[in-house]
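J.: fold the stuff below for me.
(2 chains, ligands or ions: 2)
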Amino acid sequence: MSELLIPFEYDYMLRAMGIAGLVGAVAGLLSCYVVLKGWSLMGDALSHAIVPGVVLAWLGGIPFAIGAFASGMLAALAMAGLRGRTPIREDAVIGVVFTGFFGLGLFLLSLFPSNVRLQTIIFGNVLGIADADIIQMAIIACVVALALGIWGRDLMLSLFDPVQLVAAGGNPGHMRILLLMLLAATAVAGLQAVGAVLVIGMLVTPGATAYLLADRFGRMAAIATFIGASTGLVGAYASYFLDGSTGGSIVALQAAIFVAVLVFAPKHGIRATRRAAAKAVGTPA
Amino acid sequence: MDGALVRPPGTRAGLSVEGVSVAYPNGHLALRDASFSLQPGTVCGLVGVNGSGKSTLFKAIMGLVRPSAGQVRIGGEKVQAALKRNLVAYVPQAEEVDWSFPVGVRDVVMMGRYGHMNMLRIPRAADRQAVDAALARVGMLDLAERQIGELSGGQRKRVFLARALAQGGELLLLDEPFTGVDVTTEDAIVELLTQLRDEGRIILVSTHNLGSVPTFCDHVVLVNRTVLAAGPTPEVFTGPNLLRAFGGALRQHSLPEQAKAHAPLEAGHVVVLSDDERPLVMAPDGRVLGRLTQDL
Ligand SMILES: Nc1ncnc2c1ncn2[C@@H]1O[C@H](COP(=O)(O)OP(=O)(O)OP(=O)(O)O)[C@@H](O)[C@H]1O
Ligand SMILES: [Mg+2]
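T.: Numbering: from 1, shown residues only, chains lettered A, B, ... in the order given. Ligands and ions are numbered 1, 2, ... in the order given. From the prediction side, this is the model:
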């Protein structure tokens, strides 16, 4: 029994669980906006596009978060520019840009195969993160949470009814840029917890799950934040025993919750909608 | 008290559209040199065929598209300044709204108050009162806790009307508020618009219900890629003007002989013009007689 408590005796485990929970919470909150905006693919693209920035930042000796963020923004610019100037459809533009950036990142990474810190950042292993990187992740998470605290309502309005935001004196274009920046920033933080390939899971699944459980934005945000935080914490904890991929356990856990909710959600779940339909036509369920 | 709702007379905001041209990025010139102006306390109908530029005109008034020439002035101010002062409220077309979005009726109406709140958009007591008052005015207080997708078409329209009321703008823009709405709801909306007019606001309504226009619009603006005519309804909403605005797009029926025999009209042809559901009936001299309330 006491074996289960072992992870709590190690400082590095406590730090890992704390940061995975924090990043999970912020990514979960942001995922609500991503899901409602219909930007899952965009989030995926951004989270892959930050990889070359991480390597270049390491080469240049600057904080990797800055390099990663710049690389994500560059990719977003490239996508916006291509979309306006070519007849190619948006999904193809996103696909081309993000695989291009990700490929470049992997290539750069292959030039430094023995660098453990880079490998940790890009493939995600929250147990192996350097303290300095944990601080970077925490700062990013807090900045994103603060930005959502300040502009979250305007952002929500820009997703629901951008013209009403204009009528209230706001600017939907600014909100689009804000969401892009928050996505890139959160992807940078999430990268180290779950890795570049899986970070999109943290940026979509909690929001999609909460969407099935809530009819109000506030409740949806609360549920998604809770799912993100708890799966981050539990995933980091579990990876002590599984001796491996934190990312795998966090994202798999989130997916399992999603499936359970999909089936059992009281109102929008598969069982509930069947029962309601059966009741409506007057046959016993 | 709320400044936007009670404004001393004399500071009311008029609307003027001066020589506005709008070209879309694909090169399509949707409006050319469009001009008209409206005084406070007016309900104005915006009438024209599909693609004539009604929605484009709304977009120009809200600053959503930048005119390539000309300007819009609201209360003498530029559009951006007027928006910052919460002078412009709008009611979206039903097709533009995501009805599965996780918001309730009350949340939507509260969005009308955002412009009155601080940057964090935290509602105060005055905002809550304005929301309740607006909901009561459109008769939706009982359904305030519903998710917006759980409403009927007419109720959905009322929610967005309530949002515009809660905002308390001086200029209210409604893009086709009567599509897909039954006669009872249409009458309720018209009643509300008339009240708002009496409070001294400007209401600009685009509609295809030609028959209803003379019953509630003081002014009419006829558009077809420019403003063809604008002014008081009796002067502008005439047969020749409508034929000019609609060309062949209008369904025109002359009544059969036996119907004419029963009709309390002078000799000659009664003309029924129809762009949509509610046909318009005109006397032979082009005078507007009213609308058909049922199909013959
Ligand atoms: N975003 C756009 N890009 C390019 N052209 C556009 C755009 N929006 C509208 N148009 C064109 O501008 C013209 C005017 O469109 P608008 O939507 O203003 O018409 P409308 O009078 O509102 O029509 P309806 O009665 O069908 O609502 C149309 O020919 C339309 O094809
Ligand atoms: Mg239109």
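J.: what ranges do the helices span in the stretch 1-150 of chain B?
T.: For the stretch 1-150 of chain B, the helices defined by DSSP state H, counting those that start in this stretch occupy B:54-61, B:79-84, B:105-111, B:125-137.
J.: flag every residue of the stretch 151-296 of chain B that's near chain A.
T.: B:163, B:167, B:169 (CB under 8 Å from any CB of the partner chain). From N, CA and C alone the C-beta is placed, and that goes for glycine too.
J.: just checking, which helix or strand of chain B averages the lowest pLDDT?
T.: Across the helices and strands of chain B, mean confidence by mean pLDDT, DSSP states H and E is lowest for helix B:257-262: a mean of 50.
J.: can I see the domain layout of chain B?
T.: B:39-59+B:86-238, B:240-291 (automatic domain parsing).
J.: using CSV, lay out those domains together with mean neighbour count and distance to A:Pro52.
T.: Shown next, in CSV, are those (neighbours: other CB atoms under 10 Å in any protein chain shown; distance: least, CB to CB, whole Å):
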stretch, mean neighbour count, distance to A:Pro52
domain B:39-59+B:86-238, 20, 35
domain B:240-291, 15, 56
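J.: looking at those, which has the lowest confidence?
T.: Within the domains of chain B, the stretch with the lowest mean pLDDT is domain B:240-291, showing a mean of 65.
J.: by proximity to ligand 1, which residue of the stretch 1-150 of chain A wins?
T.: Of all residues in the stretch 1-150 of chain A, A:Gly84 sits closest to ligand 1, at 13.1 Å by CB to the nearest ligand atom.
J.: number of residues surrounding that residue?
T.: 9 (other CB atoms under 10 Å in any protein chain shown).
J.: and the gap between A:Ile227 and ligand 1?
T.: Separation of A:Ile227 from ligand 1 (CB to the nearest ligand atom, to the nearest Å) stands at 38 Å.
J.: what strand or helix carries the residue nearest to that residue when sequence neighbours are not counted?
T.: Spatial nearest neighbour of A:Ile227, chain neighbours left out: A:Pro206 (4.2 Å); criterion: CB to CB, 6 or more residues apart in numbering or on different chains. Element membership of A:Pro206, judged by DSSP states H and E, is helix A:199-213.
J.: flag every buried residue along the helix or strand A:Ala184 falls within.
T.: Applying DSSP H and E as the criterion places A:Ala184 in helix A:172-194. Within helix A:172-194, the residues scored as buried using 16 or more other CB atoms under 10 Å in any protein chain shown are A:172, A:175-176, A:178-194.
J.: again with stretch B:28-36
T.: Quick answer for stretch B:28-36 (16+ other CB under 10 Å): B:30-32, B:34, B:36.
J.: what lies in contact with it?
T.: For stretch B:28-36, the external contacting residues (CB atoms under 8 Å, 6 or more residues apart in numbering or on different chains) are B:16-24, B:53, B:56-57, B:60, B:67, B:69-70, B:221, B:223, B:225-227, B:230.
J.: please report how far the residue found closest to A:Phe8 once you drop the neighbours it is linked to in the chain lies from A:Glu3.
T.: Closest residue to A:Phe8 apart from its sequence neighbours, by CB to CB, 6+ apart: A:Leu14 at 6.7 Å. Computed as CB to CB, to the nearest Å, the A:Leu14 to A:Glu3 distance reads 17 Å.
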